[in-house]
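Asker: structure for the following, please:
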Amino acid sequence: MTKAEKGTPKDIANRAKAKGLQKLKFYCQMCGKQCRDENGFKCHLTSDSHLRQMKIFCSNSSGMLDSFSSEFEKCYLETLYRRHRTKRMNANNVYQELIQDKDHVHMNATKWTTLSDFVQYLGKAGKCVVEETERGWYVTYIERDPTILAQKENYQRRVDAEKREEEKLAKRMELQRIEAAKLMDRAGVGLHVEASNLERSELDKPIALKIGTAPVKKTKKKKSIIFGDDDSGDESGDNKPKKELTPHLPALPSNIKKSSDGASVMATNELRKRKDFLADDSASKQENESNRKDDKRQKMQESNDLDDIRKKNWIRRDILVRIISKKVAKGKYYKRKAIINQVYDKYTAEVEILDSGPDKKDGGDIVEIDQECLETVVPKEGKRVRILNGRGRGMLAVLLSVDQDQCRGKLELLDIGTTLKKIDFDDFSKAV
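Answerer: Numbers count the residues shown, from 1 in each chain. Okay, the predicted model is just below:
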């Protein structure tokens, strides 16, 4: 069958079929030819060019097998080092990245029949750290670059030198302290202070500290009785316990006679003092009550003064979100929580995927996601949240209560202490 001319539809169709990777069992490593089907591979095996290459292989089979094996090993380690450095990776994933190159050395041309044998060889040779798990073989590249090794060695040498300097300085300071103590003992000014515990008996009362102004000493004024000279009545009146002032006016002393002019003057003075005291007390109570009302009014005014700022873009840094789109990574991160690290163009977020469970370590991936694929996360009561839209946009707050029926929450702003009611779940999210 003649070969199709270049540029004809048949030639274009053949080129499209040959594009990309084909089946590994129809590839000839000696000739570097990929066949599309079994019939083509059978025809290639009987061709003169293939027979000539096989004669060359038979003359030096072990040498050529070692050459292919060393080339495959070199390409595999280079792919692992350049793409993943010293990160622990699945061996099969690295192999899939290697065979993306159409002209790579195939494993069927090497001395290893399976990928497991090749990975075990890398572990025995000390070129990689090999680990077998339930999900397959994992490899970690061992750094052997002399430049990087020299940098690590210099860093470790610097750390050790700093540690030695700190130890020398501590010893020098200890010697200086000992010498200073000896000199003070010789001069007779040394003091040996030891800390002791506070010893208290069981009968001692608990220690109470009272902080306040010094009490004002009240001097007792002797009352001169105009009428009557009964001293025993005054002494008995002084020994009685004094009663506290009550809102009601107390009765006048019984030993004052209203018929006398001096007694009436004393009664009016006493009555005037008590009225003034009650007036001052009621005025102070009214003032405190008015101050409380002013504070409440001021907080209400602050909550009303907050602008209701609403914009289409609501994503911000350092908040917790949930991925709600199955189109992201073909549904791999569906319903997974993530933290927003960066925001680009107001509507695109760079998020870090969290672990799906406390015992699972499948997080840490960095993904760029559109705002439409995310939703807010409502934390438990008492946790910090970030307001994303509406009143107090961009401010931190504490979640006081949650209304699951109406999908709203009650927040308290941390900066000014203002309480915001009936805030939709879409307008705030958990702060990190």
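Asker: a strand runs through A349, doesn't it?
Answerer: Yes - under DSSP: H, G, I helix; E, B strand; the rest coil, A349 sits within a strand.
Asker: state the distance from it to A329.
Answerer: Distance, A349 to A329, using Cβ to Cβ, to the nearest Å: 15 Å. For the C-beta atoms, the positions are set from N, CA and C on the backbone; glycine is no exception.
Asker: so which of the two has more stuff around it?
Answerer: A349 (25 against 15; other Cβ atoms under 10 Å).
Asker: pretty sure that one is in contact with I315, am I right?
Answerer: Yes - using Cβ atoms under 8 Å, A349 makes contact with I315 at a distance of 4.9 Å.
Asker: which residues are in contact with the nearest residue to D426 once chain neighbours are set aside?
Answerer: Closest residue in space to D426, ignoring its immediate chain neighbours: T376 at 5.9 Å, by Cβ to Cβ, 6 or more residues apart in numbering. By Cβ atoms under 8 Å, 6 or more residues apart in numbering, the contact set of T376 is 319, 321-322, 388, 425-430.
Asker: hmm, 7 Å instead?
Answerer: 321, 388, 425-426, 428-429 (Cβ atoms under 7 Å, 6 or more residues apart in numbering).
Asker: in the sheet, who's paired with it?
Answerer: Applying DSSP bridges to T376 gives these bridge partners: V321.
Asker: need the next SSE after whichever strand or helix holds E73, C-terminal direction.
Answerer: Assessed by DSSP states H and E, E73 sits inside helix 61-84. Per DSSP H and E, the first helix or strand lying C-terminal to helix 61-84 is strand 89-90.
Asker: other SSEs contacting that following strand?
Answerer: strand 136-141 (3 or more Cβ pairs under 7 Å, 6 or more residues apart in numbering; DSSP states H and E).
Asker: list the buried residues in the strand it packs on.
Answerer: For strand 136-141, burial by neighbour count (16 or more other Cβ atoms under 10 Å) applies to 137-141.
Asker: just checking, what packs against it?
Answerer: Packed against strand 136-141 by the contact rule (3+ Cβ pairs under 7 Å, 6+ apart) you find helix 61-84, strand 89-90, helix 91-98, helix 115-125, strand 128-133.
Asker: next one: the fourth one to chain centre, how far?
Answerer: Computed by Cα atoms, centre = their mean, to the nearest Å, the chain-centroid distance of helix 115-125 equals 40 Å.
Asker: do the same with the shortest one
Answerer: Offset of strand 89-90 from its chain centre (Cα atoms, centre = their mean): 27 Å.
Asker: picking that back up, now the two most distant members of the buried residues of strand 136-141.
Answerer: Among the buried residues of strand 136-141, the pair separated by the greatest distance (Cβ to Cβ) is W137 and Y141, at 13.9 Å.
Asker: where in the stretch 301-432 of the chain is pLDDT low?
Answerer: 301-306 (pLDDT under 70).
Asker: likewise for the stretch 51-200 of the chain?
Answerer: Ranges of the stretch 51-200 of the chain meeting pLDDT under 70: 188-195, 198-200.
Asker: I340 touches A349, doesn't it?
Answerer: Yes - the pair I340 / A349 is scored as a contact, 4.8 Å apart, by Cβ atoms under 7 Å.
Asker: angles on the backbone of G357, please.
Answerer: Phi and psi for G357, reported as degrees, to the nearest 10, are phi -160, psi 170.
Asker: what number of residues lie near it?
Answerer: So G357, with other Cβ under 10 Å, has 9 neighbours.
Asker: use 262 as the first number from now on
Answerer: That works, and once the first residue is 262, the last one we named lands at G618.
Asker: how far does stretch 305-321 sit from its chain's centre?
Answerer: 64 Å.
Asker: buried sites along that stretch?
Answerer: If you call a residue buried by 16+ other Cβ under 10 Å, then stretch 305-321 has these buried ones: 305, 311, 314.
Asker: next one: stretch 581-594
Answerer: Buried residues in stretch 581-594 (16+ other Cβ under 10 Å): 581-584, 589, 594.
Asker: name the helix or strand for S690, please.
Answerer: strand 689-691.
Asker: which strands and helices sit next to that strand?
Answerer: strand 581-584, strand 645-648.
Asker: try 6 Å
Answerer: Counting contacts by 3 or more Cβ pairs under 6 Å, 6 or more residues apart in numbering; DSSP states H and E, strand 689-691 packs against strand 645-648.
Asker: adjacent strands (with direction) for the helix or strand just after the strand it packs on?
Answerer: Once strand 645-648 ends, the next helix or strand along the chain (criterion: DSSP H and E) is strand 651-652. According to DSSP bridges, strand 651-652 has the following sheet partners: strand 569-570 (antiparallel).
Asker: which residues are contacting the strand it pairs with?
Answerer: 651-652, 654 (Cβ atoms under 6 Å, 6 or more residues apart in numbering).
Asker: re the thing from before, in JSON lines: the buried residues of stretch 305-321, plus secondary structure and distance to E339.
Answerer: Listed next are those as JSON lines, based on DSSP: H, G, I helix; E, B strand; the rest coil; distance: Cβ to Cβ, whole Å:
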{"residue": "H305", "secondary structure": "helix", "distance to E339": "30"}
{"residue": "H311", "secondary structure": "helix", "distance to E339": "30"}
{"residue": "Q314", "secondary structure": "helix", "distance to E339": "27"}
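Asker: for those residues, which one is nearest N353?
Answerer: Nearest to N353 among these, counting by Cβ to Cβ, is H305 at 29.2 Å.
Asker: the helix or strand hosting I601 packs against which elements?
Answerer: Assigned by DSSP H and E, I601 belongs to strand 598-605. Helices and strands touching strand 598-605, by 3+ Cβ pairs under 6 Å, 6+ apart, are strand 609-614.
Asker: now do 8 Å
Answerer: Packing partners of strand 598-605 (3 or more Cβ pairs under 8 Å, 6 or more residues apart in numbering; DSSP states H and E): strand 581-584, strand 609-614, strand 627-631.
Asker: output the ones you listed as CSV; include the columns distance to D298.
Answerer: Shown next, in CSV, are these (distance: least, Cβ to Cβ, whole Å):
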stretch, distance to D298
strand 581-584, 43
strand 609-614, 43
strand 627-631, 40
